[in-house]
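*Asks:* Quick one: sequence and predicted model below, then my questions.
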Amino acid sequence: MKKIIILFCFVFFLNASASADEIHVAVASNFKYTLQKLADAFKEKTGHDLVISSASSGKLFTQIIHGAPYDVFLSADEKRVDLLIEEHMAADKNAYVYALGRLVLYSNLEQSADCKTILHSSRLRHLAIANPKIAPYGAAAKQVLEKLGLWQQLKPRLVMGENIAQTFQFVSTGNAQAGFIARSMLDMGEINDHACIWDIPTDMYSKINQKMVALKRSKKKIPVEAFMRYIRSAEARAIIRANGYDVL
């Protein structure tokens with residue numbers, strides 16, 4: 001009887017190992033850090049690995065349109081996922097708003113409690129934003145500057161990152177004195193002791209509903225479905241909240 005139990009456990013282990021798979025995930029730069037944490041928890045539960053590629057949502061969308069072999073796409077907006085559904089490259093039933101993004105202004109200059117005063121300061125030589133054409137957080141930053149009546153005035157001082165991660169790097173390295181970044185990125189690098197943060201009111205920019213979808217071309221149906229279920233779980237939602245996002 002003991003030998004039978006040992007044999008059963010051995011066969012079960014082999015089957016579990018054989019069923020473990022890799023899922024190729026394209027993720028917007030702002031969510032990469034959080035996804036790495038989710039990937040660790042997901043692997044512990046299922047054995048499946050996430051192979052993560054990050055860039056701006058626009059760049060990843062273009063790669064997918066041109067045949068990049070991703071299984072899942074986590075965009076920083078809804079628009080590009082909806083376009084993939086319209087192009088029949090993904091199914092609406094597999095789409096899910098996994099996070100609600102928040103925009104902040106981060107400055108590495110010592111400022112008063114009202115951090116947004118940096119936008120009017122002569123000390124602001126360079127202001128970093130993500131490219132509004134390809135990055136949802138960049139588009140949100142442009143909306144904020146337009147609402148403040150500062151877009152045209154500050155346009156000559158703008159430095160544009162390809163994505164929100166590069167935008168954050170401009171500020172954290174001192175190459176820009178301030179920048180609009182995702183709130184979630186404040187935990188990704190060393191923030192200067194004298195830095196200031198302006199948590200921008202959400203009514204100053206369009207909602208950043210970050211949407212994900214499984215791609216029809218994927219041949220990893222079982223692990224992909226497991227990942228889509230996991231992202232909806234209470235555990236995953238708690239991890240997402242803890243990393244600076246809201247969830248529906």
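*Replies:* Cool, the structure landed.

*Asks:* ok, and the closest non-adjacent residue to the residue nearest to the spatial centre of the chain?
*Replies:* With distances taken as Cα atoms, centre = their mean, the chain has residue 31 as the residue nearest its mean C-alpha position (2.3 Å). Using Cβ to Cβ, 6 or more residues apart in numbering and skipping residues adjacent in sequence, the residue nearest residue 31 is residue 74, 5.9 Å away. (Each C-beta comes from the backbone N, C-alpha and C, glycine too.)

*Asks:* Pull the number of nearby residues for the closest residue to residue 48 other than its chain neighbours.
*Replies:* Here the nearest residue to residue 48 in space, its sequence neighbours aside, is residue 223; by Cβ to Cβ, 6+ apart that works out to 4.5 Å. In terms of burial, residue 223 registers 22 neighbours under the definition other Cβ atoms under 10 Å.

*Asks:* ok, which stretches of the chain are strands?
*Replies:* With DSSP state E as the criterion, the chain has strands at 22-28, 49-55, 72-74, 96-101, 103-107, 127-130, 158-161, 178-182, 196-199, 208-214.

*Asks:* can you put these in TSV and add distance to residue 244 and mean pLDDT?
*Replies:* What follows is the strands of the chain, written out as TSV (distance: least, Cβ to Cβ, whole Å; pLDDT from 0 to 100):
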stretch	distance to residue 244	mean pLDDT
strand 22-28	14	97
strand 49-55	16	97
strand 72-74	15	98
strand 96-101	9	97
strand 103-107	9	95
strand 127-130	16	97
strand 158-161	18	96
strand 178-182	7	96
strand 196-199	10	92
strand 208-214	12	98
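
*Asks:* Turn those into JSON lines, columns for distance to residue 82 and mean neighbour count.
*Replies:* Putting the strands of the chain into JSON lines (distance: least, Cβ to Cβ, whole Å; neighbours: other Cβ atoms under 10 Å) gives the following:
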{"stretch": "strand 22-28", "distance to residue 82": "15", "mean neighbour count": "23"}
{"stretch": "strand 49-55", "distance to residue 82": "19", "mean neighbour count": "17"}
{"stretch": "strand 72-74", "distance to residue 82": "12", "mean neighbour count": "26"}
{"stretch": "strand 96-101", "distance to residue 82": "11", "mean neighbour count": "21"}
{"stretch": "strand 103-107", "distance to residue 82": "21", "mean neighbour count": "24"}
{"stretch": "strand 127-130", "distance to residue 82": "20", "mean neighbour count": "29"}
{"stretch": "strand 158-161", "distance to residue 82": "25", "mean neighbour count": "19"}
{"stretch": "strand 178-182", "distance to residue 82": "21", "mean neighbour count": "29"}
{"stretch": "strand 196-199", "distance to residue 82": "28", "mean neighbour count": "17"}
{"stretch": "strand 208-214", "distance to residue 82": "8", "mean neighbour count": "23"}
